[in-house]
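Peer 1: what's the 3D shape of this:
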Amino acid sequence: MLARVASVTVLPDQERLVIESACRDLIARYAVLVDDGRADEVPHLFTEDGSWTAPGVTMEGRDELVAGFGRRARNTSRVSRHVCTNFHLSQVTEDEALGSVYLTLFRHDRDGGGEGAPPDARPALVGVYRDRFVCLDGRWLIANRRLEVDFIGAPT
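Peer 2: Modelled structure (predicted):
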């Protein structure tokens, strides 16, 4: 049961927690898939018309997401770790949520695909993802993901 307060829909706490959990899971799955070399599975976390943007890069729609994340999956010399913290949903309704999560990205391209730890542990970048999530047919998906970069590390 929903309550209306000054034209804003207020969800019951339990329903909001379920939505927050689903959105938090999408963020974690995104990071794990990319970092585990399975970035080609990431487009399935997005809506058909979903988008992913970062400074200098825009992917709109399933075909562009498949192509872009497919390139990342084939880059087997790259090691990355997406450290996502401070997850927050600013607006939540039954079928849409707006949120953000801080990103500290560690990334290293190994010469020749070699093994071993990268020579440097400084972050490649620090920023924030701004996300819009939607619920389609009972399943929460990312509709839009935008990376805002606050700090850039030294190239690796």
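Peer 1: Low-confidence regions, this structure specifically.
Peer 2: Within the chain, the stretches falling below the threshold (pLDDT under 70) are 1-8, 112-118, 120, 154-156.
Peer 1: can you give me the strands for it?
Peer 2: 3-5, 8-10, 46-54, 57-60, 78-92, 96-109, 125-136, 139-152 (DSSP state E).
Peer 1: Note down every partner strand of the fourth one and its orientation.
Peer 2: Strand 57-60 sits in its sheet next to strand 46-54 (antiparallel), going by DSSP bridges.
Peer 1: Report the buried residues of the strand it pairs with.
Peer 2: Going by neighbour count (16 or more other Cβ atoms under 10 Å), the buried part of strand 46-54 is F46, T47, G50, S51, W52. Placement of C-beta: from N, CA and C, glycine included.
Peer 1: Closest to R107 out of those?
Peer 2: W52 (16.5 Å; Cβ to Cβ).
Peer 1: I'd say the closest one and G68 touch.
Peer 2: Yes: between W52 and G68 there is a contact under Cβ atoms under 8 Å: 7.2 Å.
Peer 1: any common contacting residues for these two?
Peer 2: Taking Cβ atoms under 8 Å, 6 or more residues apart in numbering as the contact rule, W52 and G68 both touch M59.
Peer 1: circling back: quick one: closest of the strands of the chain to S21.
Peer 2: Of these, nearest to S21 by Cβ to Cβ is strand 139-152, at 9.3 Å.
Peer 1: if we can go back for a sec, ok, so of the buried residues of strand 46-54, who is nearest S77?
Peer 2: Taking Cβ to Cβ as the measure, S77 sits nearest to W52 out of the buried residues of strand 46-54, at 22.0 Å.
Peer 1: Contact partners for the closest one?
Peer 2: Contact analysis of W52 by Cβ under 8 Å, 6+ apart lists F46, T58, M59, L65, G68, N144, R145, R146.
Peer 1: Filter the residues you listed down to the buried ones.
Peer 2: F46, M59, L65, G68, N144, R145, R146.
Peer 1: Understood, closing this out.
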